[in-house]
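Student: Provided below for reference: sequence and predicted model.
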Amino acid sequence: MLITSLTIFAQEDTRMLKEGRSWKVLEMILDRAEYKTYTVSGDSVINGKTWKKILIDHQIGDHKSSYATAAYEEDGKLYGLLGDNPFLMLDFNKQKGDYLYEGVTFGPVVTDVDYITVNGVTRKRITFSESGADEYLCWVEGIGATMGIWSGDRALTSHMEYFLECYDDGKLIFSYSDFGRPMSVDGVSQDKTKKSGEKYSISGMKLQNEPEKGIYIMNGKKIRK
């Protein structure tokens, strides 16, 4: 009875591409912190198939820009757009022992598949690890990945893009700490020159002063008070 209830509850909210859902991401480029917000907004027909539009707001310091891409999900898989062609970003059908990369037998491997409950919603969590590594990569169904959420599976190990928060119509539903695993966002490289000293909120807003309590980003490093 308990197992059946858990399975039904876990299927309650598994779609990622819900209208109005958005993700805040920290991207590190040569020790420079940049911020992106991805928002699901409307539909787009590409090669006869309906995709969801993904609006991207990009912030580098005080400079902001916007552009768009598209994605769709099907049978537990999330696909992104590369040129005019779809490519697989996340596959929530993976089982323990499966490798991160399709068609290869090396690199991070699924070490655990379980369920976590955050803000009243239970979701599948897939955890990847690699021999000798002390960090984990996580995928949470309906939410995304700790790294490279919109950049494809290769981004999970090569691209320094870190999940921060996920919102539904402006309401916070999931943050990086909810993954419940040690993550690379805690080890983001600091600016070796330490010239900037600029402080940003976890959502990417520039701060005039150091907050008295909470989490902020300075020189690419997450600081908790």
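Tutor: Yes, it's here. Numbering: from 1, shown residues only.

Student: Show me what the nearest residue in space to Tyr38 that is not next to it in sequence bridges to in the sheet.
Tutor: Nearest non-adjacent residue to Tyr38, counting by CB to CB, 6 or more residues apart in numbering: Trp23, 4.6 Å away. (C-beta placed from N, C-alpha, C; glycine too.) Beta bridges link Trp23 to Tyr38, Cys166, judged by DSSP bridges.

Student: Return the residues in contact with Trp23.
Tutor: By CB atoms under 8 Å, 6 or more residues apart in numbering, the residues touching Trp23 are Thr37, Tyr38, Thr39, Gly144, Ile149, Trp150, Phe163, Leu164, Glu165, Cys166, Tyr167.

Student: By pLDDT, give me the weakest of these.
Tutor: Lowest pLDDT of those: Trp150, 60.

Student: Okay, now the unreliable bits of this protein?
Tutor: For the chain, applying pLDDT under 70 flags the ranges 1-13, 30-31, 131-135, 149-160, 182-208, 211-225.

Student: Tell me which stretches of it form helices.
Tutor: Taking DSSP state H as the criterion, the chain contains helices spanning 2-10, 155-158.

Student: Looking at the contacts of Trp23, which one is closest to Val118?
Tutor: Val118 lies nearest to Cys166 out of the contacts of Trp23, by CB to CB, at 9.7 Å.

Student: What about the closest one, how many residues nearby?
Tutor: Cys166 has 25 neighbouring residues, counting by other CB atoms under 10 Å.

Student: so Ile54 bridges to which residues?
Tutor: Assigned bridge partners for Ile54, using DSSP bridges, are Val40, Thr69.

Student: correct me, but it touches Tyr38?
Tutor: Yes - Ile54 lies in contact with Tyr38 (CB atoms under 8 Å); the separation is 5.5 Å.

Student: how far away is the nearest residue to Gly20 once chain neighbours are set aside from Glu19?
Tutor: Nearest residue to Gly20, sequence neighbours excluded (CB to CB, 6+ apart): Asp169, at 4.2 Å. Distance from Asp169 to Glu19, counting by CB to CB, to the nearest Å: 9 Å.

Student: thinking Val40 is in contact with Trp51, fair?
Tutor: No - Val40 is beyond contact range of Trp51, at 10.6 Å (criterion: CB under 8 Å).

Student: Please enumerate the shared neighbours of the two.
Tutor: Contacts common to Val40 and Trp51, judged by CB under 8 Å, 6+ apart, are absent.

Student: so how many other residues sit close to Leu172?
Tutor: 12.

Student: Can you give me the distance of Thr50 to Gly142?
Tutor: From Thr50 to Gly142 the distance is 19 Å (CB to CB).

Student: Show me which of those two is the more surrounded one.
Tutor: Set Thr50 next to Gly142 and count neighbours by other CB under 10 Å: Gly142 wins out with 22 against 10.

Student: Go ahead and confirm the more buried one touches Thr122.
Tutor: No - taking contacts as CB under 8 Å, Gly142 lies outside contact range of Thr122: 10.2 Å.
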